[in-house]
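# Task: produce atomic coordinates for the following.
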Amino acid sequence: MIAIFAAMQPEVSACLGCFAAREDTALAGYPAVRGDLAVVCQTGMGRRAEQCVAAVLPALSPSAVLSVGVAGGLHHDRRAGEIILCERVDHAEARGSAPEAKPATSSPVLIEAAQGLAHEIGLPARPGSCVTVDSVAWTPAEKSDLHSWLSHDVVEMESYWIGLAAAARGLPFLAVRVVSDQAGDQLVDSGSLKDDGSFDQVGFQAFMRERPDLIPVFTQQMERNRLAIANLTAFVTALLPRIHTLVAREALHD
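Here you go, the predicted model:
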């Protein structure tokens with residue numbers, strides 16, 4: 001069984017494409033979906049993921065752990081819909097510390113398998129690196145500042161904690177992140193995305209009534225998000241059976 005952690009409901013849904021049957025449940029109080037190959041747990045945003053994996057992993061016996069979701073592009077060449085297979089995940093709080101904190105790292109076997117699979121099914125994917133932050137990088141200036149540290153490809157808010165928890169238990173780990181907003185994109189905080197990963201549709205509609213000038217900005221971002229989630233869904237749907245096969249052959253421990 002593969003344990004998958006994702007922050008938001010659309011990211012959870014992107015992981016369910018290959019489930020022959022599914023059961024909605026809860027793990028340590030966190031929403032989850034069980035399938036034949038994997039269990040997908042919704043962590044919520046940011047450091048909630050640290051709390052989630054600490055509570056959930058002891059109750060599971062997974063063969064591998066995945067962090068799956070969208071991310072902001074930091075490199076100017078990373079386009080919406082591109083899948084980044086994060087070989088290394090740092091946390092931004094390590095910047096400037098002496099010595100810098102050890103990063104979380106993905107299994108080279110899983111990286112190789114995932115990259116080969118992406119090539120087979122024609123999706124844009126590449127190995128790269130990721131930086132985890134505790135608050136959203138809203139502006140191009142914030143993204144540029146993060147990129148200037150270690151030239152990470154993308155920024156997100158959960159993978160570092162999930163990777164550390166997997167490493168502490170000796171479990172193979174893979175962080176899969178798809179670019180939604182690009183390095184030059186300005187994001188706008190509507191206040192609609194909650195810490196638990198849910199989206200307040202009524203609140204968003206009220207915000208848009210007050211700020212109709214932002215409709216073009218949100219429309220563009222929604223199109224990029226749709227592309228990102230579509231690519232993530234196609235990729236994870238094909239990836240989970242591949243990882244399951246690797247586990248069955250014990251290739252992850254070669």
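# From now on I want contacts and neighbour counts done on CA atoms only, so please keep to that.
Noted.
# for Cys18, helix, strand, or coil?
Under the three-state scheme (DSSP: H, G, I helix; E, B strand; the rest coil), the conformation of Cys18 reads as coil.
# who are the neighbours in contact with the residue lying closest to it once chain neighbours are set aside?
Excluding its sequence neighbours, the residue lying closest to Cys18 (Cα to Cα, 6 or more residues apart in numbering) is Thr237, at 5.0 Å. Contact criterion Cα atoms under 8 Å, 6 or more residues apart in numbering gives Ala14, Cys15, Leu16, Gly17, Cys18 as the residues in contact with Thr237.
# Over to Arg95?
Here Arg95 is in contact with Trp149 (Cα under 8 Å, 6+ apart).
# And the pLDDT for Arg95?
Arg95 carries a pLDDT score of 88 in this model.
# try Ala251
In the prediction, the pLDDT value recorded for Ala251 is 54.
# Now tell me which helix or strand of the protein has the poorest mean pLDDT.
Taking mean pLDDT, DSSP states H and E as the measure, the helices and strands of the chain show their lowest mean at helix 201-210, namely a mean of 88.
# which parts of it are buried?
Neighbour-count burial for helix 201-210, with 16 or more other Cα atoms under 10 Å as criterion, is recorded at Phe204, Phe207.
# For Ile2, give the beta-bridge partners.
According to DSSP bridges, the partner residues bridging Ile2 are Ala38, Ala64.
# backbone phi and psi for the residue nearest to Cys18, please?
The phi/psi pair for Thr237 (degrees, to the nearest 10) reads phi -60, psi -40.
# so what pLDDT did it get?
The predicted structure scores Thr237 at 97 on the pLDDT scale.
# Now do it against Phe199, distance only.
Thr237 sits 24 Å away from Phe199, taking Cα to Cα, to the nearest Å as the criterion.
# Which PyMOL command selects the buried ones in the contacts of Thr237?
For anyone working in PyMOL, the buried entries among the contacts of Thr237, judged by 16+ other Cα under 10 Å, can be selected with:
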select buried, resi 14+15+16+18
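# possible to save the contacts of Thr237 as JSON lines with distance to Gly191?
What follows is these, written out as JSON lines (distance: Cα to Cα, whole Å):
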{"residue": "Ala14", "distance to Gly191": "23"}
{"residue": "Cys15", "distance to Gly191": "26"}
{"residue": "Leu16", "distance to Gly191": "27"}
{"residue": "Gly17", "distance to Gly191": "30"}
{"residue": "Cys18", "distance to Gly191": "33"}
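# Adding distance to Ala38 and pLDDT, write the contacts of Thr237 out as TSV.
Converted to TSV, these look like this (distance: Cα to Cα, whole Å; pLDDT from 0 to 100):
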residue	distance to Ala38	pLDDT
Ala14	13	97
Cys15	9	96
Leu16	9	96
Gly17	11	92
Cys18	10	91
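# Of all pairs in the contacts of Thr237, which one spans the longest distance?
Ala14 and Cys18 (9.8 Å; Cα to Cα).
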